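Undergrad: Mind folding the following:
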Amino acid sequence: AERISTALPRATSRYMSVQPRGIALHGRRWARAASSEASPHAQDEAAARKFLMDDLGYRAALADAVIASLKAPGSGVGGGRVEAMLRSMAGRWEMGVDVGL
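TA: Sure thing, here's the model as predicted:
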């Protein structure tokens, strides 16, 4: 009887499901947890990249370099404010007026 009782915790832990990161069990279904969605910083960076490439016509490498520069610790741009800073620096880009970008 002792052998069965010591084997029970090991057997139980072996059959317990392992929860993947970013996945939560709701009822009997696996569902993406809210934390697995893109963070506001990632969304801001994607919007900034889209603005640089689609609206201003920058190449991907140059857009990534500009975003990396603004995200650098000494740039003074707070987290999640990259797109706003780019739009500010672009000035009235639709009219051809550049304010420093």
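Undergrad: Just to check, residue 40 is in contact with residue 80?
TA: Yes - using Cβ atoms under 8 Å, residue 40 is in contact with residue 80, at 5.1 Å. Every residue, glycine included, has its C-beta placed from N, CA and C.
Undergrad: higher neighbour count, those two?
TA: More crowded of residue 40 and residue 80, by other Cβ atoms under 10 Å: residue 80, with 14 against 10.
Undergrad: what about this protein, any weak spots by pLDDT?
TA: 1-36 (pLDDT under 70).
Undergrad: What are the boundaries of the strands in it?
TA: With DSSP state E, the ranges of strands along the chain come out as 23-26, 29-32.
Undergrad: Please list all residues in contact with the nearest residue in space to residue 87 that is not next to it in sequence.
TA: Spatial nearest neighbour of residue 87, chain neighbours left out: residue 51 (6.8 Å); criterion: Cβ to Cβ, 6 or more residues apart in numbering. When contacts are counted by Cβ atoms under 8 Å, 6 or more residues apart in numbering, residue 51 is found next to 83, 86, 87, 90.
Undergrad: which one among those residues gets closest to residue 47?
TA: Nearest to residue 47, judged by Cβ to Cβ, of the contacts of residue 51 is residue 83 at 4.5 Å.
Undergrad: Kindly reformat the contacts of residue 51 as CSV containing distance to residue 63 and neighbour count.
TA: Shown next, in CSV, are the contacts of residue 51 (distance: Cβ to Cβ, whole Å; neighbours: other Cβ atoms under 10 Å):
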residue, distance to residue 63, neighbour count
83, 12, 20
86, 9, 24
87, 14, 16
90, 12, 18
